[in-house]
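K.L.:
Have a look; sequence and predicted model below, questions after that.
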Amino acid sequence: MKTTNRVLATLAALVLAGGLSACGGSDQKAGSSAAPTTVNTAAPLYAQLPQAIKDKGSVQVGTDAAYAPMEYFDTDGKTIIGFDKDLGDLLATKLGVPLVFNNATFDGLITQINSKRFDAAMTAMSDTPERQKEVDFVDYYMSGSVMIVKAGNPHKLASVQDLCGQTIALQRGTVQDEYVAKELSPSCEKAGKGKIEALLFDHESEAMLQIQQDRAVAGLQDYPVAVYSAKQSGGKYETVGDQVTAAPLGIAVSKDDTQLRDALKGALQASIDDGSYAKLLNTYGTPQSAVKEATINGGK
């Protein structure tokens, strides 16, 4: 998830010394072929769109395409792909206008929404109370942290509680680093199970190498990133257990544009109801990220 200090899980960090390849996107574009490229006034939710969107014939979406598998560039270096893009394409089939993704700097996206450059932002943005003061969110994805281990799970880890008394490897300065130091390890010590020894590194690739070389039993990463890392590793890693500290990611929309916000919410709910949303999550291997219903400003 992208917070105010953004987790440093960029494309460069995913090219791991343990064998991960550069990000190829051909298998990550599920659902994109169904997206409309022209206006379809017969789409089920077209009538709910603001007139300005109907006149423009598209929803202009800002994204920071540097966070695989949520949004990143295909091998041509120009085409934006990933889960958020595929979900945008799915919503477009309900709304009847394409959601056009534009690459931009993450920290400036909210400003560009409120200055009307973009109609919305879809970029793995965490829905937080602080951000809710500036924009509204349509929550579409639950993103937390999950364990990533050596293939075969040799230490038979089932939950983060199994990390008590163990050595793990983490990227320094991430939400996972903070969670282990301030919550998980202290709870282990309080329960008499021993503190967690966390080896900290500047890059995720370095942390994952410790797992492969048996210097650490596991790591913790953002759930979608961990699933993607394991998939790209050629069978060297796998994810285990449930997400912890999961919180919603949301589509950001101007507080002045409640009609577009509600249309996007309706499109997401329709996708949940007809099963296409769950199918997309399963394509990316992240079923734990499903929201049960479309909500607005659910971040706490």
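P.N.:
Perfect, thanks for sending it.

K.L.:
need the strands for this structure, in chain order.
P.N.:
59-63, 66-67, 71-73, 80-81, 99-103, 120-121, 135-150, 167-171, 197-201, 218-222, 237-254, 295-296 (DSSP state E).

K.L.:
which one of those strands lies closest to Lys265?
P.N.:
Across the strands of the chain, Lys265 has its closest neighbour in strand 135-150 (4.8 Å, CB to CB). The C-beta positions use only the backbone N, C-alpha and C, and glycine is treated the same way.

K.L.:
who does that closest one pair up with?
P.N.:
strand 218-222 (antiparallel), strand 237-254 (antiparallel), strand 295-296 (antiparallel) (DSSP bridges).

K.L.:
quick one: the second one to strand 99-103, angle?
P.N.:
The one in question is strand 237-254. 100 degrees (axes from the mean of the first three to the mean of the last three CA atoms, to 10 degrees).

K.L.:
Next, the buried residues of strand 237-254.
P.N.:
237-241, 243-254 (16 or more other CB atoms under 10 Å).

K.L.:
Ok, which of the strands paired with strand 135-150 comes nearest Leu268?
P.N.:
strand 237-254 (8.0 Å).

K.L.:
Let me know the pLDDT of Pro36.
P.N.:
Listed pLDDT for Pro36 reads 77.

K.L.:
Quick one: neighbours of Lys182, just the number.
P.N.:
10 (other CB atoms under 10 Å).

K.L.:
CSV for the strands paired with strand 135-150, including mean pLDDT?
P.N.:
As requested, those are arranged in CSV below (pLDDT from 0 to 100):
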stretch, mean pLDDT
strand 218-222, 97
strand 237-254, 97
strand 295-296, 98
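
K.L.:
got JSON lines for those, with distance to Gln132 too?
P.N.:
What follows is the strands paired with strand 135-150, written out as JSON lines (distance: least, CB to CB, whole Å):
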{"stretch": "strand 218-222", "distance to Gln132": "21"}
{"stretch": "strand 237-254", "distance to Gln132": "9"}
{"stretch": "strand 295-296", "distance to Gln132": "9"}
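
K.L.:
before we move on, back to that, for the strands of the chain, which one sits closest to Val180?
P.N.:
With CB to CB as the criterion, Val180 lies closest to strand 197-201 of the strands of the chain, at 5.3 Å.

K.L.:
Would you mind getting the angle between that closest one and strand 167-171?
P.N.:
For strand 197-201 against strand 167-171, the angle by the same axes, to 10 degrees is 30 degrees.

K.L.:
can you list the residues that contact strand 197-201?
P.N.:
Residues outside strand 197-201 that contact it (CB atoms under 8 Å, 6 or more residues apart in numbering): 166-172, 177, 180-181, 185, 207, 210, 215-216.

K.L.:
Sheet partners, orientation included, of that strand?
P.N.:
Strand pairing for strand 197-201, determined by DSSP bridges: strand 167-171 (parallel).

K.L.:
got the buried residues for the partner strand?
P.N.:
Ile168, Ala169, Leu170, Gln171.

K.L.:
Please apply the same query to stretch 48-60.
P.N.:
In stretch 48-60, counting by 16+ other CB under 10 Å, buried: Gln48, Leu49, Pro50, Ile53, Ser58, Val59, Gln60.

K.L.:
One more: stretch 91-104?
P.N.:
Judged by neighbour count using 16+ other CB under 10 Å, the buried positions of stretch 91-104 are Leu91, Ala92, Thr93, Lys94, Leu95, Gly96, Val97, Pro98, Leu99, Val100, Phe101, Ala104.

K.L.:
which residue lies farthest from the center of the chain?
P.N.:
In the chain, counting by CA atoms, centre = their mean, Gly192 sits farthest out from the average C-alpha position, at 34.6 Å.
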